[in-house]
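Chemist: Provided below for reference: sequence and predicted model.
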2 protein chains.
Amino acid sequence: MQLLLMSNSTGPDGGYLDHCADVLQEFLTGVSNLLFVPFAVSDELAYGAKTCERLDRMGVRADWADRTGDLVGQLRQAEAVFIGGGNTFRLLDRLYSTGMLDAIRRSVADGVRYVGASAGTNVASPTIKTTNDMPIIEPPSFVALGLVPFQINPHYVDRDPDSSHQGETREERLFEYLEESDRPVVALREGAILRISRKEVLLLGSLGARIYRRGKEPLEYPAGTQLDDLLDI
Amino acid sequence: MQLLLMSNSTGPDGGYLDHCADVLQEFLTGVSNLLFVPFAVSDELAYGAKTCERLDRMGVRADWADRTGDLVGQLRQAEAVFIGGGNTFRLLDRLYSTGMLDAIRRSVADGVRYVGASAGTNVASPTIKTTNDMPIIEPPSFVALGLVPFQINPHYVDRDPDSSHQGETREERLFEYLEESDRPVVALREGAILRISRKEVLLLGSLGARIYRRGKEPLEYPAGTQLDDLLDI
């Protein structure tokens, strides 16, 4: 199992896949055919084309998954799958309706490398219960790919002490999750990335991550930390 | 039908039900028995007790809905129902599991006054598809009370131009909703309140609201605006 789970795909300067280009290129070394899944957005064609063009500039040949075509055939030829960001509920709904949820899960177990960004990282968790997205579509279930045994919260933001906003902070939302579940949550700040193999979890990116566990104080981890014990849940 | 739908229950100074006390008291004139529903939070007892005490100080006698007791009997005696804030998914799940979703819908149709705050305002919409909350629990359906024919987004926040956050802005999330539905969304800033009767919708509070309709530019409305045409959907 080889996974690269990114908090976000667009950097603070607006560059698409720029902030993670080196890590992505290294992760995809030797991959001659990648399948990009653009299901999380409305305009799948534009998103698919943009991503394939960007990957091409990194030297990675990619197709995008076309829901009107032969998805199973496309997946069979792929050595890597990349699920992009957008709305997690829409993405999961389409993974169910196309049968790709099970198909991708099996492919990754068989050694196909997996890249997720934002919503694509959310669906690598056992459920989508720690997404930040608006539930604009009701999927058949909140159960997701479950490629890792813990939950991920991408785009993690710290509380703004100057805000007069009375809605919940992200931390309050994660504590609410832990009221209902004892699965740990890895909260990835912008730019943070998890590089995961069968027994290893390595935290990359600049701003680090925060891990929430039921009944415990959240803990901070800087980039470069090995978080292998997350796989022993 | 008499509804008071509030964006939030706690003001920027932290005072519980202070910012809306005058409007709430006027709305509840003549009500001698209110039922408060604390299902959206984990500690229902503390939330119920706090709210009943606060309402008592306004001269409104209130009980809180106890899921271990006779909810139907409690509802039968109530002249007003108040559903408080917390997590919308947890709230809706419990409204289903207790049978209160149908029971409250029928009561409101029969003239029981309805007050919602935050999650309690979300569930007054046809669905919870415009909540900001994390989906920590999977309810049997996203279909909610449907007391109004439009969607509401509470705690609406404008984009912060100084933010380096790469997650979606609230406006982007509402546009995503409109990619999947043609139901209008009333986005209530902190402090905003909708006072609704059979043919009237009046916007109260200081910061106003923003209405999103598919294929149109969002429109701003100041407090004091009549929005009656929202009922003609």
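Modeler: Everything's here; your move.

Chemist: how about residue A:167, what does it touch?
Modeler: Counting by Cβ atoms under 8 Å, 6 or more residues apart in numbering or on different chains, residue A:167 touches B:8, B:118, B:132, B:154, B:155, B:157. C-betas here are computed from N, CA, C, even on glycine.

Chemist: ok, now residue A:139?
Modeler: Taking Cβ under 8 Å, 6+ apart, one finds A:89, A:92, A:93, A:96, A:128 in contact with residue A:139.

Chemist: what's the closest of these to chain B?
Modeler: Lowest distance from chain B to these (Cβ to the nearest Cβ) belongs to residue A:128, with 6.5 Å.

Chemist: distance check, residue A:183 against chain B.
Modeler: 11 Å (Cβ to the nearest Cβ, to the nearest Å).

Chemist: who touches that residue in this structure?
Modeler: Per Cβ under 8 Å, 6+ apart, neighbours of residue A:183: A:126, A:149, A:150, A:151, A:233.

Chemist: kindly recompute the last result at 6 Å.
Modeler: residue A:151 (Cβ atoms under 6 Å, 6 or more residues apart in numbering or on different chains).

Chemist: next one: the one 5 residues further on
Modeler: With Cβ under 6 Å, 6+ apart as the criterion, the residues that contact residue A:188 are A:7, A:154, A:156, A:209.

Chemist: could I get those residues as a markdown table with secondary structure, pLDDT and neighbour count?
Modeler: Formatted as a markdown table, the contacts of residue A:188 follow (DSSP: H, G, I helix; E, B strand; the rest coil; pLDDT from 0 to 100; neighbours: other Cβ atoms under 10 Å in any protein chain shown):
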| residue | secondary structure | pLDDT | neighbour count |
| --- | --- | --- | --- |
| A:7 | coil | 95 | 30 |
| A:154 | strand | 97 | 29 |
| A:156 | strand | 95 | 25 |
| A:209 | strand | 97 | 25 |
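
Chemist: mind picking the two most distant members of these?
Modeler: A:154 and A:209 (10.3 Å; Cβ to Cβ).

Chemist: report the buried residues of stretch A:8-24.
Modeler: Neighbour counts using 16 or more other Cβ atoms under 10 Å in any protein chain shown place A:8, A:9, A:10, A:11, A:17, A:19, A:20, A:21, A:23, A:24 of stretch A:8-24 among the buried residues.

Chemist: what subset of these is also close to chain B?
Modeler: A:8, A:10 (Cβ under 6 Å from any Cβ of the partner chain).

Chemist: doesn't residue A:46 lie inside a helix?
Modeler: Yes: read with DSSP: H, G, I helix; E, B strand; the rest coil, residue A:46 is one of the residues of a helix.

Chemist: neighbours of it, how many?
Modeler: 11 (other Cβ atoms under 10 Å in any protein chain shown).

Chemist: so how far is chain B from it?
Modeler: For residue A:46, the distance to chain B - Cβ to the nearest Cβ - is 13 Å.

Chemist: which SSE is the residue most central in space within chain A in?
Modeler: Using Cα atoms, centre = their mean, the residue of chain A that lies closest to the mean C-alpha position is residue A:121, 1.0 Å off. Here residue A:121 sits within helix A:119-122, counting by DSSP states H and E.

Chemist: and what of residue A:159?
Modeler: Residue A:159 belongs to no helix or strand, assigned by DSSP H and E.

Chemist: list, one by one, the residues from chain A near chain B.
Modeler: Residues of chain A lying near chain B (Cβ under 6 Å from any Cβ): A:8, A:10, A:12, A:42, A:87, A:129, A:132, A:134-138, A:142, A:155, A:157, A:164-167, A:173, A:176-177, A:179-180, A:190.
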